[in-house]
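[1] Sequence and predicted structure below; questions after.
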Amino acid sequence: MTGGAGYIGSHTVRALRERGDRVVVLDTLELGNSDFVGDATLVVGDIADHDLVVDTCREHDVDAVVHFAAYKSVGESMQHPSKYFANNVDGSRRLVDAVLAAGVDRIVFSSSCSVYGTPDIVPVTEEASVDPESVYAESKAMVERILAWYGKIAGLRSVSLRYFNAAGASSDAAIGEDWTYSINLIPLAIRALLLGDQELQVFGDDYDTPDGSCIRDYIHVDDLAAAHLASLDYLASGGETTVVNLGTGVGSSVLDVIRTIERVAGRPVPHRIVDRRAGDPVETYADPAHARNVLGWEARHDLDAIIESALRWHEQQLTTSS
């Protein structure tokens, strides 16, 4: 599992270990936390290191790869595109070459709903046009195309999981999303609420939505982890290459999320409206029917559950560090 020490990766490692799967994590630890890997084997290294990837696959008898490792900031990608094309795209291409050389022909890829840009119709199905509006989104779309071509040429089978907005923390508050590194709404809003050291920035309130703020589909990280297990099982049973939306099918605006956090926490979230951010789609939420039909998967947590788990984890982190 590449990037298995990161936020979504670590939850997936945990879910795999809980059902008894052997897991080896490859992570640079640039943005990951080695403590989150638990009892899985950790190899510190880069996905672009061909020999390391081949040797790791062979040494540990790897039969499938889950590929999380990537940079994921929309804003940063628009300022430093070469960083994203080099790591997310060329790094992934090098990874695929190496795992194929090691005899591995199954990959579950961490993609993104951002590949759709601002969709013409919501909820979004997998048949919607791919129209990225940021370099980050383009990097995900390019890797999906690379995987499809390797499927035609080299027999690689893959599932590209187009996540909507991952959020929340594990049910026991053992692992969650570190707001030190995160650029995502919910951890940053909770930081503003709990620490009061900075205001949350809301990027635009003049969009063509009911309250003027962008609308997203927020999905619990434990639900995402379950989808990766279902995807691995799908490929192990002979499933063909496919792309799958992972979302709840419910759209929530930025201001909806802030109001929900305030209700759950019983305290206001300090925030201010700022200019729109380049590369942000206006409204996007999933049609999860394909995931249900192909993977037998559906989201089980709503926005309240997501925020309750995230708040509990962040409060515990503050208690532990004090």
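    Thanks, I have the structure now. Numbers count the residues shown, from 1 in each chain.

[2] can you pull the contacts of the closest residue to residue 99 other than its chain neighbours?
    Spatially, and ignoring its direct neighbours in sequence, residue 99 is nearest to residue 65 (5.3 Å; Cβ to Cβ, 6 or more residues apart in numbering). In short, each C-beta sits where N, CA and C put it, glycine included. Residues in contact with residue 65 (Cβ atoms under 8 Å, 6 or more residues apart in numbering) are 1-2, 57, 95, 99, 104, 106-108.

[3] Please report how far residue 65 lies from residue 138.
    Counting by Cβ to Cβ, to the nearest Å, the gap from residue 65 to residue 138 is 22 Å.

[4] Now do the buried residues in stretch 51-67.
    Using 16 or more other Cβ atoms under 10 Å as the test for burial, stretch 51-67 gives 52-54, 56-57, 62, 64-67.

[5] element containing residue 159, please.
    strand 157-163 (DSSP states H and E).

[6] Surely residue 107 is within a strand?
    Yes. Under DSSP: H, G, I helix; E, B strand; the rest coil, residue 107 falls within a strand.

[7] how many other residues sit next to it?
    Neighbour count for residue 107, taken as other Cβ atoms under 10 Å: 28.

[8] next one: the one 5 residues further on
    Here the neighbour count serves as a burial measure; for residue 112 (other Cβ under 10 Å) it reads 25.

[9] That one - nearest residue in space that isn't next to it in sequence?
    residue 140 (4.6 Å).

[10] mind listing what residue 165 touches?
    Each residue near residue 165 by Cβ under 8 Å, 6+ apart is listed here: 113, 184-185, 216-219.

[11] Need phi/psi at it.
    Main-chain dihedrals, residue 165, degrees, to the nearest 10: phi -90, psi 110.

[12] Residue 296: neighbouring residues, count only.
    Other residues near residue 296 come to 10 when the count uses other Cβ under 10 Å.

[13] That one contacts residue 230, correct?
    Yes. Counting by Cβ atoms under 8 Å, residue 296 does reach residue 230; the two are 6.2 Å apart.

[14] how about the contacts of residue 165, which pair is most distant?
    Based on Cβ to Cβ, the longest span within the contacts of residue 165 runs between 113 and 185 and measures 14.6 Å.

[15] and those two? which has more neighbours close in?
    Just comparing residue 113 and residue 185: by other Cβ under 10 Å the higher neighbour count belongs to residue 113, 26 against 22.

[16] got the contact list for that one?
    By Cβ under 8 Å, 6+ apart, the contact list for residue 113 reads 124, 162-165, 217, 245, 247, 284, 286.

[17] at 6 Å what do you get?
    The contact partners of residue 113, taken as Cβ atoms under 6 Å, 6 or more residues apart in numbering, are 162, 164, 284.

[18] Can you report how many residues neighbour the last one?
    Around residue 284 there are 23 other residues, counting by other Cβ under 10 Å.

[19] hang on, the earlier thing: with respect to pLDDT, which of the contacts of residue 165 ranks lowest?
    In terms of pLDDT, the weakest of these is residue 184, which scores 86.

[20] Could you report the distance from that one to residue 240?
    For residue 184, the distance to residue 240 equals 32 Å [Cβ to Cβ].
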